[in-house]
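Engineer: requesting a structural model of the entry that follows:
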Amino acid sequence: MLVIRRLTLATAAIVISLSVSSDPLPPSITYRELPSQPFSEVKAMDEAQKAEVMQRQLALLNRRYDIADKPLRGAMMSGGTKPVQGGIRVKLPAGVDSWEGLAAMNPADIKQRNLLPEGFKPLPHVKQATGGQVFPKKEIDEIQKQEGRNLQRFDVDFDVPDRFTPEFPPPIFLTTHPELGDVSRGQLLTIKNFYELMNGLITPVQLEGLRLLLTPFPQEEFNQTEDRKSADQSLGVTCLDCHSNFHSNAAFHQTPDVRPQADRFRLDTTSLRGLFNQQIHGSKRSLRSVEDFTQFEQRTAYFNGDHVSATRKGANLPDRTNQLAMMAQMQNIIDFSPATKLDPLGKLDPAVATQQELAGEKIFMGKGRCAECHIPATAFMDNNMHDLKLERFYKIGETSNDLVMIPDGSIKTFTVRGIKDSPPYMHDGRLLTLADTVEFFNLVLGTKLAKDEKDALVAYLLAL
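Structural biologist: Predicted coordinates:
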């Protein structure tokens, strides 16, 4: 009965999406359909529907969150150009007076009474039925300026306010030259300037790997075919269009690993900092090397997981030995941002840390249960996958802007080292601030933290 109910809800979601999408997919499809209308007609419909699409997504964000500008005093991202946003931004549901009151309830009651805050639930893609990569305006503008390559989609815009995204361009730190600090010179690495910026700092193998990571190849929404979402035929997308300066600009798409389309969850771009310590790659795929991950991304993931679609558009098939290995060599020298209060094993130095930060570390290691997965000595991760079983708190099959909510399932442990530089949080960006994240895990893990303990935990995370 559960399967039947899921398919019924998925079908309903797709029907609803007809009002805001020109190319909805049937609920049971595995491969993406070929376009059945001329490009000019699809483009015209998408452009006509864009305002409604964006208005609906903005309404969802405003219903879920307080998106006002409330920076934390004295808290800046590592490049020093952007303040960290503070405070709990997820809104409590009607009928719940406080976060402490919500945390005192058991999961079954929250589920039965539909009291899980909407901002704790999976965040839908801005256009769920279509999906695909969506870039923030700053990235679009800079790539247009440097390369004349247009990453702007005609059907959607980026949805999360800029204040909740990483600073741009982010700094670059190298394991091979820690004495230099940020080597970006305040610039975004592109195919136009990478040689000038990095020549003399990295090896020939790494330089070639960097060139490949900055070379655009045809991708799902940015290609030569008639089902693209860019006005003009495009050279495509590069690895570092999302992983700006080997960090993140919060660009998002959908997981390639789930079908049907209505169930595919939103997927945020993760940072490549500290990649040398990661033993698994991909939110759900658990790929065992960065070479495997790079090959998979080039072959299928950029095409929404559809290798047939990739072949049609002109798949890039990098050579394992002479190209993938070089790309991996470059990615593996990207360091975390400096954390001057940590000792070599990832513990706070009592001589420089504040009492609140030290209190937060104690909670992180103990009552908060954070260190069970985010192990300081292994770069604040455990190289495992875990299932939080969030569906204990909400009903499977709920829909939100055409996303059918199924269980998240197992997701890899992402590092929290340098976490202040990487909003929004969780694999789909559903949590806008560190305070939201602490509140989320306080509920999900049942840790029953007091307010001062939660504040201390946020202070500790800011020091990492």
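Engineer: all helices for the stretch 251-400 of the chain, in order.
Structural biologist: 290-299, 307-313, 325-331, 355-365 (DSSP state H, counting those that start in this stretch).
Engineer: residue at max distance from the center of this structure?
Structural biologist: Residue farthest from the centre of the chain, counting by C-alpha atoms, centre = their mean, is residue 351 at 34.9 Å.
Engineer: on that earlier part again, just the helices of the stretch 251-400 of the chain: most buried one?
Structural biologist: helix 325-331 (a mean of 22; mean count of other C-beta atoms under 10 Å). In short, each C-beta sits where N, CA and C put it, glycine included.
Engineer: show me what that one is packed up against.
Structural biologist: helix 204-213, helix 290-299 (3 or more C-beta pairs under 8 Å, 6 or more residues apart in numbering; DSSP states H and E).
Engineer: least reliable of these by average pLDDT, please.
Structural biologist: Mean pLDDT is lowest for helix 290-299 among the helices and strands packed on helix 325-331, at a mean of 90.
Engineer: which ones are touching the closest residue to residue 298 other than its chain neighbours?
Structural biologist: Nearest non-adjacent residue to residue 298, counting by C-beta to C-beta, 6 or more residues apart in numbering: residue 316, 5.0 Å away. If you count contacts by C-beta atoms under 8 Å, 6 or more residues apart in numbering, residue 316 has them with 217, 218, 298, 299.
Engineer: for residue 244, see how far away residue 316 is.
Structural biologist: To residue 244, residue 316 is 20 Å away according to C-beta to C-beta, to the nearest Å.
Engineer: got it, and residue 395?
Structural biologist: Distance from residue 395 to residue 244, by C-beta to C-beta: 37 Å.
Engineer: next: residue 450.
Structural biologist: 38 Å.
Engineer: ok, those two, which is more surrounded?
Structural biologist: residue 244 (30 against 12; other C-beta atoms under 10 Å).
Engineer: could you double-check that the more buried one sits in contact with residue 190?
Structural biologist: No - taking C-beta atoms under 8 Å as the definition, residue 244 is not a contact partner of residue 190, at 9.8 Å.
Engineer: any idea which residue is closest to the centre of the protein?
Structural biologist: residue 268 (1.6 Å).
Engineer: quick one: contacts for that one?
Structural biologist: So residue 268 contacts 248, 250, 251, 252, 424, 426, 427, 428, 429 (C-beta under 8 Å, 6+ apart).
Engineer: farthest-separated two in the residues you listed?
Structural biologist: Pairwise distances across the contacts of residue 268 (C-beta to C-beta) peak at 15.6 Å, for the pair 251 and 426.
Engineer: now do the strands in this structure.
Structural biologist: For the chain, the strands defined by DSSP state E cover 71-76, 83-85, 252-254, 266-268, 385-386, 399-400, 403-404, 411-412.
Engineer: hey, which of these is tucked in deepest?
Structural biologist: strand 403-404 (a mean of 26).
Engineer: who does that one pair up with?
Structural biologist: strand 399-400 (antiparallel) (DSSP bridges).
Engineer: distance of the nearest residue to residue 330 once chain neighbours are set aside from residue 323?
Structural biologist: Take residue 330 and drop its neighbours on the chain: the residue closest to it by C-beta to C-beta, 6+ apart is residue 209, 3.5 Å away. Distance from residue 209 to residue 323, counting by C-beta to C-beta: 8 Å.
Engineer: lowest-confidence helix or strand of this structure?
Structural biologist: helix 2-17 (a mean of 36; mean pLDDT, DSSP states H and E).
Engineer: just checking, residue 223 touches residue 315?
Structural biologist: No - counting by C-beta under 8 Å, residue 223 stays clear of residue 315, with 10.6 Å between them.
Engineer: looking at these two, which has the bigger crowd around it?
Structural biologist: The neighbour comparison of residue 223 against residue 315 (other C-beta under 10 Å) goes to residue 223, with 25 against 18.
Engineer: now the more buried one: how far from residue 146?
Structural biologist: When residue 223 is compared with residue 146 (using C-beta to C-beta), they lie 20 Å apart.
Engineer: over to residue 425?
Structural biologist: 29 Å.
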